[in-house]
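Enquirer: no sequence on this one, just coordinates:
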C-alpha cells in the first residue's frame, strides 16, 4: 500500500556534495517521522538524520554541520543534502518513514524502508 523510492546517490570526490531524495506514495494519511540511515560494508546500519512531522531534526554526531535533512509534507518527500563529503561517508543510504495509511476501511501505522541508494566518496 505504501512505497518509498529513493534517488540521488552516486560517486563523488571528497569535499563534494550530493543530495538524496525519497518520495513516499500510496494511500497515505499521514507521515510521522522520516529519516535517513546508512550501512557501510561490514558495519551495522546507523542513523544519519531524522525529522519529525513538526520539523524537529536529529543528526548523528559524525554528520552534524555537514548534512541537512528536510521534508516537504505536501509532496510526501524527504531529502538529505550532504556537503563536505568524506570517504567514511561511503555507504548504502536508506530512507525510512513511519506512515499512517488507509487500507480496506481502516487506518494502520507502519514503518517503511526504501530500497537503498549507494553513495561512494573517493579520496
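Expert: Cool, got the structure. This structure is a prediction, so every number in the text was calculated from the model and none was measured.

Enquirer: distance from the centroid: which residue in the protein tops it?
Expert: residue 105 (29.4 Å; Cα atoms, centre = their mean).

Enquirer: Give the buried residues for stretch 63-79.
Expert: The neighbour-count check on stretch 63-79 (16 or more other Cβ atoms under 10 Å) flags 63, 67, 68, 69, 71, 76, 77, 78, 79 as buried. To be clear about C-beta, it is placed using only N, CA and C from the backbone, and glycine gets the same treatment.

Enquirer: sorry, back to before: if I look at the residue farthest from the centre of the chain, how far off is residue 35?
Expert: Noted for residue 105: a distance of 30 Å to residue 35, by Cβ to Cβ, to the nearest Å.

Enquirer: tell me the contacts of the nearest residue to residue 27 once chain neighbours are set aside?
Expert: In space, and not counting its chain neighbours, residue 27 is closest to residue 102: 4.5 Å by Cβ to Cβ, 6 or more residues apart in numbering. Shown in contact with residue 102 (Cβ atoms under 8 Å, 6 or more residues apart in numbering): 1, 27, 28, 29, 108.

Enquirer: Let me know the pLDDT of residue 98.
Expert: Predicted confidence (pLDDT) for residue 98: 96.

Enquirer: quick one: it and residue 32 touch, right?
Expert: Yes: between residue 98 and residue 32 there is a contact under Cβ atoms under 8 Å: 4.1 Å.

Enquirer: which of the two has more neighbours?
Expert: Comparing residue 98 with residue 32 by neighbour count (other Cβ atoms under 10 Å), the higher total belongs to residue 98, at 17 against 13.

Enquirer: list the contacts for the more buried one?
Expert: 31, 32, 33, 34, 109, 110, 111, 112.

Enquirer: buried sites along the helix or strand where the first one lies?
Expert: Under the criterion of DSSP states H and E, residue 31 resides in strand 28-39. Of the residues in strand 28-39, those with enough neighbours to count as buried (16+ other Cβ under 10 Å) are 28, 31, 33, 34, 35, 36, 37, 38.
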